[in-house]
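**Student:** Return atomic coordinates for the entry below.
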Amino acid sequence: MKQQAISLLAASATLIVYLGLPACSTEPMTATQKADKQADVRNMASKTLADISSASPNAAQAAKSGAGYAVFSNFGFKILFMGSSNGEGLAVNNATHQQTFMKMVELQPGLGLGASTFRVLFVFDTPQAFDDFVNSGWQGGANAMAAAKSSTEGGAAAGAVTVSPGVNMYQITDKGAIVGVSLTGAKFYKDSELN
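**Tutor:** Numbers count the residues shown, from 1 in each chain. This is a model prediction of the structure:
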């Protein structure tokens, strides 16, 4: 039993290191690789907006009518008490149509086993909220999630969670259903390679 626990712990540590290796790469992308990666992120953002529009037309409308929005796709693994996920995203300023490529990383404490994929849409009510997110990043810890307020009433924010002033978040599963936001220990920041 003890040997099995040690083996599982070693597998967990190896997986966490493996997930972090892409972030440690020092070789710069070629222009072609960069363009391909940007196209992949744009395609993910378009597909996510289409899926969200199907699941909640109000959410898609809020994204188009707000000061801006950001879309992220996240993939992660969890083995026993250790887990990590990372993803990519695109923030769009609705006034200028400027696109900013973003990254996210999330640490997942607690027991669990398996892989998960989900996508997140941030909708920004004000230009200031959008600029703060893009230029300073955003961190969603347990305190931020505890303070988040769910909007279950009708209207543009139905199904959203307000995570900070002027910022609403929608989370969608790989099956296309909008679910309650469950991010903890997540950090969102500019992608220095793709911008």
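**Student:** Which parts of the chain are helices?
**Tutor:** For the chain, applying DSSP state H gives helices covering 2-24, 31-55, 57-65, 127-136, 142-147.
**Student:** per-residue pLDDT, the closest residue to residue 52 other than its chain neighbours?
**Tutor:** Nearest in space to residue 52, with sequence neighbours left out and distances taken as Cβ to Cβ, 6 or more residues apart in numbering, is residue 59 at 5.0 Å. Glycine gets a C-beta too; all of them are placed from N, C-alpha and C. At residue 59, the model reports a pLDDT of 86.
**Student:** So residue 59 is in contact with residue 119, correct?
**Tutor:** No. Assessed by Cβ atoms under 8 Å, residue 59 is found out of contact with residue 119, at 11.6 Å.
**Student:** residues shared between the contacts of these two?
**Tutor:** In terms of Cβ atoms under 8 Å, 6 or more residues apart in numbering, residue 59 and residue 119 are not both contacted by any residue.
**Student:** give me the low-pLDDT residue ranges for the chain?
**Tutor:** Scanning the chain for pLDDT under 70 picks out 1-26, 75-85, 107-116, 140-159, 174-185.
**Student:** in stretch 59-69, what's buried?
**Tutor:** Across stretch 59-69, burial judged by 16 or more other Cβ atoms under 10 Å covers 59, 60, 62, 63, 66, 67, 68, 69.
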